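Student: Make a model of this:
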Amino acid sequence: MRTTRRAVLGAAAAGALGIGFGTTAPARASEKGLRPEEGLQPEKGIQVAVLLYDGFTALDAVGPYETLCRLPGVRVFTVARRTGPVRTDTGQLALAAERSLSDVRRADVLVVPGGGNRGIIAAMDDAALLDWIRRLHQHTTWTTSVCTGSLLLASAGLLKGLPATTYWASRPYLEKLGAVMAPGRFVETGKIITAAGVSAGLDMGLHLAARLSDEATARAMQLAIEYDPHPPFDSGSPEKADEATRRLALKLVEG
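Tutor: Numbering: from 1, shown residues only. Below is the predicted model of the structure:
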């Protein structure tokens, strides 16, 4: 019998905890409640749309995807202007969009990743994309962003006067767009959750996992992806890094 990684993980989990992978619980709403009057189909579960656009940052999208895609009753899908491959900010990686913007009129959760300068500036000037974000937001239970994705939410007019966060170097731009800059790895304001730069999407994703299921499931999801960061360096925020490190960081992300 062929042994697969999934079989090994399943056997280990079953032996240690008395449970098995592959059991699927029925879909359940978050503590704040999904709204069936807004068109949720219970048999389809909780629908999470991850937006892709040319020049987005890979981990901004993949981080929340990993924390949410295995939750019972949750279906995560990617969406872009058209279906097919969408290139990231480095141009060296592409993710496939399953659905086009015109195909997605509602979702329970929207995840908007950030991008490099080229990608995010073009997206902020894309009237059709901003209109799609506004329309989807009308019916979401949660509208979220990672990194400079909050600049897209702000450009769509969703963050005026609201506390929010973004990538450290983009804080002044977020304020110019009408948001109130707030500290933290992620900031929750009403049904909007904004995460700080790139890896903060994992923190936000686990927080959202608890909202969509429960804390016990979110804790288990953290273990499932073995998210227990102990980085070799202590320069992960601008407050901890010196000026030379900040300059080099910006040079690296600009390509």
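Student: For the stretch 1-150 of the chain, which segments count as helices?
Tutor: 5-17, 58-68, 117-124, 127-137, 149-155 (DSSP state H, counting those that start in this stretch).
Student: what sits up against the fourth one?
Tutor: Helix 127-137 is contacted by residues 49, 51, 53, 81, 101, 104-107, 110, 112, 123-124, 143, 152-153, 155-158 when judged by C-beta atoms under 8 Å, 6 or more residues apart in numbering. C-beta here means a position set from N, CA and C on the backbone, and glycine is covered the same way.
Student: my guess is Thr245 contacts Ser235, does it?
Tutor: Yes: between Thr245 and Ser235 there is a contact at 5.4 Å, judged by C-beta atoms under 8 Å.
Student: Ser145 pairs with what?
Tutor: With DSSP bridges as the criterion, Ser145 is bridged to Val112, Thr194.
Student: With adjacent residues omitted, what lies nearest to Ala249?
Tutor: Ala241 (7.1 Å; C-beta to C-beta, 6 or more residues apart in numbering).
Student: Got phi/psi on that neighbour?
Tutor: When quoted as degrees, to the nearest 10, the phi and psi of Ala241 stand at phi -90, psi 150.
Student: what's the distance between it and Lys160?
Tutor: Distance, Ala241 to Lys160, by C-beta to C-beta, to the nearest Å: 31 Å.
Student: circling back to that earlier point, count of residues packed around the residue nearest to Ala249?
Tutor: Residues within reach of Ala241, counting by other C-beta atoms under 10 Å, total 17.
Student: same deal with Asp203?
Tutor: Using other C-beta under 10 Å, Asp203 is surrounded by 21 other residues.
Student: isn't it right up against Val187?
Tutor: No: contact criterion C-beta under 8 Å: Asp203 and Val187 do not qualify, at 11.1 Å.
Student: Please look at Asp234 and Asp242 and confirm they touch.
Tutor: No: the criterion here is C-beta under 8 Å, and Asp234 misses it with Asp242 at 11.4 Å.
Student: what stretches of the stretch 1-150 of the chain score poorly on pLDDT?
Tutor: For the stretch 1-150 of the chain, applying pLDDT under 70 flags the ranges 1-43.
Student: How about Gly184: what's its closest non-neighbour residue?
Tutor: In space, and not counting its chain neighbours, Gly184 is closest to Thr165: 6.0 Å by C-beta to C-beta, 6+ apart.
Student: what sits against that neighbour?
Tutor: Contact analysis of Thr165 by C-beta under 8 Å, 6+ apart lists 150, 171, 174, 181-187, 194-196, 200.
Student: what does Met124 give?
Tutor: Leu130, Leu151, Leu152, Ser155.
Student: which of those lies closest to Leu71?
Tutor: Leu71 lies nearest to Leu152 out of the contacts of Met124, by C-beta to C-beta, at 24.6 Å.
Student: Tell me the pLDDT of the closest one.
Tutor: Leu152 is assigned 98 on the pLDDT scale.
Student: give me every residue that touches it.
Tutor: Applying C-beta under 8 Å, 6+ apart to Leu152 gives the contacts Val112, Ile120, Ala123, Met124, Leu129, Leu130, Ile133, Ser145.
Student: Dump those residues into TSV; add distance to Gly45 as well.
Tutor: TSV is the format used below for these (distance: C-beta to C-beta, whole Å):
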residue	distance to Gly45
Val112	21
Ile120	31
Ala123	28
Met124	32
Leu129	26
Leu130	28
Ile133	22
Ser145	23
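Student: which one of those sits closest to Ala97?
Tutor: The closest of these to Ala97 turns out to be Leu129 (C-beta to C-beta; 12.8 Å).
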